[in-house]
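Colleague: What would the 3D arrangement of this be:
(one chain, ligands or ions: 2)
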Amino acid sequence: MSWDHVWIDVNIATMDPDNSAAYGAITDAAIAVKDGKIAWLGPRKELPDFDVFDMPVYRGRGGWITPGLIDAHTHLVFAGNRANEFEMRLEGASYEDIARAGGGIISTVNACREAEEAELFDLGRQRLNALAKEGVTTVEIKSGYGLNTETEVKLLKVARELGRNHHVDVKTTFLGAHAIPPEYKHDTEAYVDLVINEMLPAVIEQNLADAADVFCENIAFNLDQTERVLTAAKTAGLEIKLHAEQLSNMGGSTMAAKLGAKSVDHIEYLDEAGVKALAESGTCATLLPGAFYFLRETKMPPIELLRQYNVPIVVASDFNPGSSPICSTLLMLNMACTLFKLTPEEALKGITVNAAKALGIEQNVGMLAQGMQADFCLWDIATPAQLAYAYGVNPCKDVVKNGVLVHQ
Ligand SMILES: N=CN[C@@H](CCC(=O)O)C(=O)O
Ligand SMILES: [Zn+2]
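Modeller: Ligands and ions are numbered 1, 2, ... in the order given. Here you go, the predicted structure:
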């Protein structure tokens, strides 16, 4: 056999739904890589003969290999910070109060409009490095802190540039309809027109986005406006997704599901009819425990219903300066279990196989099987549940991205 490299003395959490063991596990396993793909994986004793002098053989010392982690919802390109609002909330103001008073998303918009591309790139790279150290190999980055064509394009360009300059793959999402900018405060419809008729065409023309998103909420865009933007984006060839049912039940999830959205995200206020709609369309439900925690929310997302209707559950960091300033995908595993009572296996699915579905890349990444892209991590852990159980000492030992060992 001629491979590029082989790993032995490992256990593998394949996360492959066709493998009925918990985590799709194969213990005492081996995995071989060739041309950026998984050429072979299975029990060590079935590993075909190969010449040990022909290729590097890595020993995992009994650790676990998982798919490279996928953070399917972040806003990681932004300038400034909102520590002042954190203080205000601790003194009694709510996230909604601050947004209505012109703070919140708009304060980050002001910082982003002023920031140079190079500064945004540098900040983005530091954050990407932090995620990559924890085993993240694919990340989604949204715009949404520009709210004018120039700055939305700038943010998406930076996100694309980060993807070109980092081993982490970047999927970009246009979120021009994130909030209503002050200059359109009294004419939201005109802002929606601008998003559809000016921003979206600019983004499409420069191939800056893979998907589009909207914040459907009483402090942002109503159902009709949301539907208009999503329909235009879909017609333009983008995947669609939605910030939905975070602070109230607006019916955004059902509408987005009917339009074929890849995911609806937050969903604390999602009801049974909404869950059913997701199940019918194959739309993923993305849980954002970082925002739930940081905003001290109390309304739980409908976990039991999601299970009952077999809706793929995704877990993501939602890393952003306002509602989730937590740049850690691994910590989300712990929070998804402690706050939402997901099992560690459900949580790990949420940042691997289901996260890939939410980004439409499940044919290539998110689980480990022959022919899949060789994106995987070696962890210094005795059981996969340890990834969700403890936090603080990073157990990520090695990362293989596109078949190349990038971090040791
Ligand atoms: N909910 C809307 N958007 C972001 C928050 C952005 C912000 O507060 O800056 C979120 O996903 O939580
Ligand atoms: Zn978000």
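Colleague: From here on, just use CA atoms for contacts and neighbour counts.
Modeller: Noted.
Colleague: could you say which helix or strand contains residue 310?
Modeller: Secondary structure from DSSP states H and E places residue 310 outside every helix and strand.
Colleague: contacting residues around it?
Modeller: Going by CA atoms under 8 Å, 6 or more residues apart in numbering, residue 310 touches residue 279.
Colleague: how much space between residue 225 and residue 327?
Modeller: Counting by CA to CA, to the nearest Å, the gap from residue 225 to residue 327 is 31 Å.
Colleague: Likewise for residue 347?
Modeller: With CA to CA as the criterion, residue 347 and residue 327 are 17 Å apart.
Colleague: More neighbours: the two, which one.
Modeller: Comparing residue 347 with residue 327 by other CA atoms under 10 Å, the one with more neighbours is residue 347, at 28 against 21.
Colleague: Only C-alpha atoms, please: export the helix or strand containing that one in CSV.
Modeller: Here residue 347 sits within helix 344-350, counting by DSSP H and E. These are the backbone C-alpha positions of helix 344-350, laid out as CSV (Å, rounded to 0.1, in the frame of the first residue of the first chain):
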residue,chain,number,x,y,z
PRO,A,344,-21.9,14.6,24.8
GLU,A,345,-22.5,12.5,21.7
GLU,A,346,-25.3,14.8,20.5
ALA,A,347,-23.1,17.9,21.2
LEU,A,348,-20.1,16.4,19.2
LYS,A,349,-22.4,15.6,16.3
GLY,A,350,-23.4,19.3,16.5
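Colleague: now that helix, how far from the centre of its chain.
Modeller: The chain centre lies 14 Å from the centre of helix 344-350; the measure is CA atoms, centre = their mean, to the nearest Å.
Colleague: go on, stretch 174-191?
Modeller: Offset of stretch 174-191 from its chain centre (CA atoms, centre = their mean): 25 Å.
Colleague: pLDDT below threshold where in this protein?
Modeller: By pLDDT under 70, the weakly predicted segments of the chain are 408.
Colleague: Tell me the secondary structure at whichever residue of it sits closest to ligand 1.
Modeller: Ranking the residues of the chain by distance to ligand 1 (CA to the nearest ligand atom) places residue 322 first, at 3.6 Å. When classified by DSSP: H, G, I helix; E, B strand; the rest coil, residue 322 comes out as coil.
Colleague: for the one 10 residues further on, same thing?
Modeller: Residue 332 falls in the helix class when you classify it by three-state DSSP.
Colleague: residues touching it, list them.
Modeller: Contacts of residue 332 (CA under 8 Å, 6+ apart): 288, 289, 290, 315, 316, 317.
Colleague: List buried residues within those residues.
Modeller: Buried members of the contacts of residue 332, counted by 16 or more other CA atoms under 10 Å: 288, 289, 290, 315, 316, 317.
Colleague: Angles on the backbone of residue 228, please.
Modeller: With angles defined as degrees, to the nearest 10, residue 228 sits at phi -60, psi -50.
Colleague: which residues are in contact with the host helix or strand of residue 232?
Modeller: Assigned by DSSP H and E, residue 232 belongs to helix 223-235. Helix 223-235 is contacted from outside by 177, 189, 192, 195-196, 200, 211-216, 239-240, 250-252, 255-256, 259, using CA under 8 Å, 6+ apart.
Colleague: buried subset of the residues you listed?
Modeller: For those, buried by 16+ other CA under 10 Å: 177, 192, 195-196, 200, 211-216, 239-240, 250-252, 255-256, 259.
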